[in-house]
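1. sequence-free structure coming up:
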């Protein structure tokens with residue numbers, strides 16, 4: 001048998017200025033009995049509420065001052081965990097410690113009350129704990145699917161007093177759910193196979209509705225396109241009669257002619273611009289060469305000034321030497337000898353040599369200066385030629401600028417005319433596209449109007465098959481026989497996915513028998529899942545399953561019917577509790593009754609008594 005079971009350890013209520021009220025449970029059999037209006041049924045509602053019930057808790061007077069409901073669980077994977085929820089509903093706060101330790105602390109994690117796959121919702125979190133994740137249930141005969149949630153399982157876990165004795169089938173999920181969904185939920189629970197493989201097929205009503213919606217959408221698209229076409233051609237009263245194709249052809253021919261004119265004007269302008277660019281480049285080259293010659297001439301002028309300075313210095317040296325040499329033909333100032341009788345020249349030969357060297361250097365410098373002047377003359381002549389050519393280029397540039405200025409308006413006018421006609425043609429083509437779109441939409445609308453819904457020939461077979469239903473019915477039958485239900489009952493599975501007692505509908509029996517069969521059905525689902533190793537939370541909470549043992553004088557449900565009398569006289573309540581004790585090793589049972597068990601239960605079971613709001617001793621109620 002599967003060990004993936006959820007165990008409820010405690011239910012508690014807290015408020016800002018209220019003492020905490022709680023109720024603990026054991027993993028096996030729990031019996032809560034006592035007086036009316038003590039909160040027994042409210043306890044079952046609270047458990048269902050803490051497993052994601054969408055309806056807020058009833059506003060009973062005893063709940064005043066309490067704003068939070070708590071539940072401590074033992075989960076197969078996570079282990080001990082505590083959930084907290086506002087009594088008005090909403091999401092869940094998650095804690096890893098008991099209520100006393102969690103009070104006043106910040107929430108560790110939150111879970112949404114709305115079902116979603118995975119761990120972000122309470123449903124997804126709890127289902128993953130018992131090995132169910134991402135399952136799909138077909139809710140219609142055409143195969144529309146819904147995600148399987150903990151709320152589908154909750155109807156097999158928590159059964160309140162009114163549904164317990166109801167004539168409706170025990171598989172009823174809610175008033176809003178379809179019979180197909182109810183049956184397919186039971187099928188999934190008893191097989192473990194969901195409806196993910198089911199292919200959706202629309203019903204004839206859905207097909208017609210969808211087709212009508214398509215026609216409305218097409219009508220809106222046609223109206224929108226017609227309005228847009230009217231805005232594009234505001235001067236035309238009947239845009240539908242416009243021959244836009246002919247206008248498009250004429251404009252295309254006109255554009256072709258303008259394209260030739262524009263090409264010629266553009267080519268002429270391009271040639272002029274290219275010629276101006278070439279002339280500007282040549283002018284810049286000439287000006288660069290003139291600047292280079294000017295720089296060279298400036299350097300040559302500086303060199304010529306150096307030459308002149310050197311010649312002047314050398315001329316001075318040469319004049320000094322001549323003067324010195326002139327004194328060599330006089331009488332010696334020492335001995336008075338005439339020049340022809342002098343035998344010593346006293347160093348004047350050096351002066352003579354220097355004079356000759358100076359004369360030679362002067363001749364060399366004058367020759368180089370002459371070459372420099374010749375070169376400078378050539379460069380000056382070249383510069384004048386370049387300046388003249390540059391002046392011609394400048395004149396050509398001015399003429400090119402004038403030609404471009406004269407040619408540009410013609411090219412601009414041709415371009416503007418071309419673009420204006422092209423824009424007009426574009427508007428015509430957009431209008432053509434809109435008209436084609438309107439034509440296609442009208443054709444689509446005609447097709448939609450001729451649509452005929454086809455009845456699906458392969459609707460999904462909902463619910464439990466015959467063999468499986470029989471096997472489940474045998475499980476329920478064995479339970480009722482272990483309870484010593486009178487006259488060896490024969491149980492069968494009906495097409496309504498309910499159980500038949502000796503061939504009769506459950507609804508044909510008295511309230512107490514209906515409640516007992518509902519209890520056998522819910523417990524039978526749990527036992528069937530355990531025997532076939534299928535996922536089940538392992539919790540069954542039943543409110544008043546032994547209704548047949550009521551006191552007809554004090555009970556609001558009145559006298560017993562004959563079949564209820566037979567059940568009561570059979571002593572079934574004793575065998576009922578004995579059976580639950582035997583099964584409590586792998587399931588948690590929570591039984592709510594007005595009367596105590598008929599015998600002392602084993603120490604492993606827990607019996608809680610509510611003495612009622614007017615009692616002076618014992619626990620008077622849940623709150």
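-> Cool, got the structure. Owing to the predicted nature of the structure, the values given are computational and were not obtained by experimental measurement.
2. Strands of the stretch 501-623 of the chain, start to end?
-> Taking DSSP state E, counting those that start in this stretch as the criterion, the stretch 501-623 of the chain carries its strands at 504-505, 539-543, 588-593, 606-610.
3. and the ones you listed, which one is worst for confidence?
-> Among the strands of the stretch 501-623 of the chain, strand 504-505 has the lowest mean pLDDT, at a mean of 84.
4. ok, back up a step: can you redo the strands of the stretch 501-623 of the chain as CSV with distance to residue 115 and mean neighbour count?
-> Where you see a C-beta, it was placed from the backbone N, CA and C, and this is true even at glycine. Conversion of these to CSV gives the following (distance: least, CB to CB, whole Å; neighbours: other CB atoms under 10 Å):
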stretch, distance to residue 115, mean neighbour count
strand 504-505, 33, 12
strand 539-543, 18, 24
strand 588-593, 23, 24
strand 606-610, 32, 17
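5. Quick check: end-to-end length of stretch 155-171?
-> Using CA to CA, to the nearest Å, the end-to-end distance of stretch 155-171 comes to 7 Å.
6. what about that stretch, average pLDDT?
-> Stretch 155-171 comes out with an average pLDDT of 89.
7. in it, what's buried?
-> Of the residues in stretch 155-171, those scored as buried under the neighbour-count criterion (16 or more other CB atoms under 10 Å) are 155-161, 164-166, 169-171.
8. And stretch 465-473, by the same measure?
-> By neighbour count, with 16+ other CB under 10 Å as the criterion, the buried positions of stretch 465-473 are 468-469, 471-473.
9. cool, and stretch 100-115?
-> Residues of stretch 100-115 classed as buried by neighbour count (16+ other CB under 10 Å): 102, 111-113, 115.
10. And those residues, which is closest to residue 608?
-> Distances from residue 608 to those, taken as CB to CB, are shortest for residue 102 (23.5 Å).
11. Which pLDDT does the model give the residue nearest to that closest one when sequence neighbours are not counted?
-> The spatial neighbour of residue 102 that comes closest, neighbours along the chain excluded (CB to CB, 6 or more residues apart in numbering), is residue 95 at 3.9 Å. Model confidence at residue 95, expressed as pLDDT, equals 91.
12. Can you give the domain ranges for this protein?
-> According to automatic domain parsing, the chain comprises the domains 7-201+460-610, 244-449.
13. what helices or strands is the strand or helix carrying residue 467 leaning on?
-> Assessed by DSSP states H and E, residue 467 sits inside helix 466-482. On a contact count with 3 or more CB pairs under 8 Å, 6 or more residues apart in numbering; DSSP states H and E, helix 466-482 meets helix 179-191, strand 491-493, helix 511-531, helix 572-583.
14. centre of the chain versus the first one, how much separation?
-> Just to be clear, that refers to helix 179-191. Relative to the chain's own centre, helix 179-191 is displaced by 33 Å; criterion: CA atoms, centre = their mean, to the nearest Å.
15. Residue 12 belongs to a helix, doesn't it?
-> No: Residue 12: not assigned to a helix; according to DSSP: H, G, I helix; E, B strand; the rest coil it is strand.
16. quick one: which of the buried residues of stretch 100-115 is nearest to residue 278?
-> Proximity to residue 278 was ranked across these by CB to CB; first place goes to residue 112, at 78.0 Å.
17. All the helices of the stretch 301-450 of the chain, residue numbers only.
-> 348-449 (DSSP state H, counting those that start in this stretch).
18. Likewise for the stretch 51-200 of the chain?
-> Across the stretch 51-200 of the chain, reading from the start of the chain, the helices by DSSP H, counting those that start in this stretch fall at 99-102, 122-129, 150-157, 161-165, 179-191.
19. Output the ones you listed as a markdown table; include the columns distance to residue 16.
-> Formatted as a markdown table, the entries for these read as follows, by distance: least, CB to CB, whole Å:
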| stretch | distance to residue 16 |
| --- | --- |
| helix 99-102 | 15 |
| helix 122-129 | 25 |
| helix 150-157 | 30 |
| helix 161-165 | 32 |
| helix 179-191 | 40 |
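20. Give the other helices and strands that the one helix or strand residue 205 maps to contacts.
-> Assigned by DSSP H and E, residue 205 belongs to helix 204-232. In terms of contacts (3+ CB pairs under 8 Å, 6+ apart), helix 204-232 is packed against helix 348-449.
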